[in-house]
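Enquirer: Here is the input, now give the coordinates:
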Amino acid sequence: MTTSERQHPTAARPDVVPALVDADWLAARLDAPGVRLLQVDSDSTVYHAGHLPTAVPLDWHDELQDPQRRAPVNRVDLGLLLQRKGVDRDTHVVLYGTDGGAFATYAFWLLRYHRHPRISLLDGGMEAWTQAGGDIVDLPPTRPSRISYHAAEHDGALRVGRDELLGRYVNTPGNAVLLDCRTPEEFSGRHRHPLDLQFEQHRVAGHIPGSVNLPSGELLNPDCTFRSTAELRALFAERGVRDDSDVATYCRVAERSSLVWFALHELLGHPCVRHYDGGWSEYGNLVDVPVERGL
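Expert: Numbers count the residues shown, from 1 in each chain. The predicted model follows:
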């Protein structure tokens, strides 16, 4: 199945760009006016070793996190960041990454959260680009033209915080479905991820009561492209997601859960899916909250 068959349902409207694009689509538009290609990884090391032509680096850890507190980069700083990347409100931003592209889907979620109107994700990321015969360059990024960007107020329907999570999704009352997007080992409490990020201090293992395990890797083919729409629908249905389900996703630090959010919200057009970006690095460190272990 081609990428065009897996686009967001609204992509047929002329004012809406496809949420998911493939290497051929990108190759035809790489130098198009108004298109800005951003490579998003946990840091920019991979970018400087080689990247797609015209791409600019976007560092998940140093640029997409608030430097003063545990939170995504705030609205004002996001606007300044996008200005530096050569993005204005009319720019069609195309995001890609490496190794499954979860950091790129986090950037997609953040831009959607702040209502940027034109965003696409390269299906399969750098791996798909090179597999299709695309060039990789090691040139430094070009300095973008000086432009202005003012990020919009956030869309609260796309994010859930700690307090609302506790009241609305723990033990999944009613039609709520809480998807834990970590590995089965993390979900069961048999594995504690190394505390390799400054804001991580948790020592508790396990999962949020009532959550269902859907490892983000199950949504991807071996070549890191998304599985077909039918396969994705089946995966979510197996985890209890119905058309009327109120869904929230979480992982450890919000990158893998953003990939699952992207598949459900953007590719399948589910009407109510929110991202708990606090993740297990927040929940697993809370005092006196319920925790479950085992599969």
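Enquirer: List the buried residues in stretch 83-97.
Expert: Within stretch 83-97, the residues scored as buried using 16 or more other Cβ atoms under 10 Å are 83, 85-89, 91-97. Yep, even glycine has a C-beta here, placed from its N, CA and C like the rest.
Enquirer: try stretch 177-191
Expert: Neighbour-count burial for stretch 177-191, counted by 16+ other Cβ under 10 Å, picks out Val177, Leu178, Leu179, Asp180, Cys181, Arg182, Thr183, Glu186, Phe187, Ser188, Gly189.
Enquirer: Wait, Ala27 touches Asp135, no?
Expert: No. In this structure, Ala27 is not within contact of Asp135 by Cβ atoms under 8 Å, at 9.5 Å.
Enquirer: which of those two has more neighbours?
Expert: Ala27 (15 against 11; other Cβ atoms under 10 Å).
Enquirer: can I see the domain layout of the protein?
Expert: Here the domain parsing of the chain from automatic domain parsing is 3-154, 157-283.
Enquirer: is it possible to export those domains to TSV including distance to Arg293 and mean pLDDT?
Expert: Listed next are those as TSV, based on distance: least, Cβ to Cβ, whole Å; pLDDT from 0 to 100:
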stretch	distance to Arg293	mean pLDDT
domain 3-154	25	89
domain 157-283	4	93
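Enquirer: Format these as CSV; extra columns: distance to Leu295.
Expert: Below are those laid out as CSV (distance: least, Cβ to Cβ, whole Å):
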stretch, distance to Leu295
domain 3-154, 23
domain 157-283, 5
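Enquirer: right, so of the ones you listed, which gets closest to Glu292?
Expert: In terms of Cβ to Cβ, the element of the domains of the chain nearest to Glu292 is domain 157-283, at 4.8 Å.
Enquirer: what's the span of that closest one, first residue to last?
Expert: 20 Å (Cα to Cα, to the nearest Å).
Enquirer: How about stretch 72-88?
Expert: This stretch, stretch 72-88, spans 20 Å end to end (Cα to Cα).
Enquirer: same deal with stretch 40-56?
Expert: Distance across stretch 40-56, first residue to last, is 9 Å (Cα to Cα).
Enquirer: Pull out the buried residues from it.
Expert: Buried residues in stretch 40-56, counted by 16+ other Cβ under 10 Å: Val40, Asp41, Ser42, Ser44, Val46, Tyr47, His51, Leu52, Thr54, Ala55, Val56.
Enquirer: The third one against Trp60, yeah?
Expert: By that I understand Ser42. Yes. If you go by Cβ under 8 Å, Ser42 and Trp60 touch, sitting 5.2 Å apart.
Enquirer: quick revisit: the buried residues of stretch 83-97 in helices, which ones?
Expert: The helices, defined by DSSP state H, take in Gln83 from the buried residues of stretch 83-97.
Enquirer: any idea which helix or strand carries the closest residue to Val76 other than its chain neighbours?
Expert: Spatial nearest neighbour of Val76, excluding adjacent residues (Cβ to Cβ, 6 or more residues apart in numbering): Ala151 at 7.3 Å. Assigned by DSSP states H and E, Ala151 falls within no helix or strand.
Enquirer: ditto for Phe103
Expert: Here Phe103, judged by DSSP H and E, is contained in helix 102-113.
Enquirer: Contact partners for the closest residue to Ala49 other than its chain neighbours?
Expert: The shortest distance from Ala49 to any non-neighbouring residue, by Cβ to Cβ, 6+ apart, is to Asp138 (7.0 Å). Asp138 sits next to His48, Ala49, Gly50, His51 when contact means Cβ atoms under 8 Å, 6 or more residues apart in numbering.
Enquirer: how about 10 Å then?
Expert: Residues near Asp138 by Cβ atoms under 10 Å, 6 or more residues apart in numbering: Tyr47, His48, Ala49, Gly50, His51.
Enquirer: which SS class is the second one?
Expert: What that stands for is His48. Put simply, His48 is helix when judged by DSSP: H, G, I helix; E, B strand; the rest coil.
Enquirer: just checking, it touches Ile136?
Expert: No. Counting by Cβ atoms under 10 Å, His48 sits too far from Ile136 to count as a contact (11.9 Å).
Enquirer: re the thing from before, find the residues that touch each one of Ala27 and Asp135.
Expert: Leu52, Pro53, Trp129.
Enquirer: okay if I get the residues you listed as TSV plus secondary structure and distance to Ile208?
Expert: Listed next are those as TSV, based on DSSP: H, G, I helix; E, B strand; the rest coil; distance: Cβ to Cβ, whole Å:
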residue	secondary structure	distance to Ile208
Leu52	coil	37
Pro53	coil	43
Trp129	helix	36
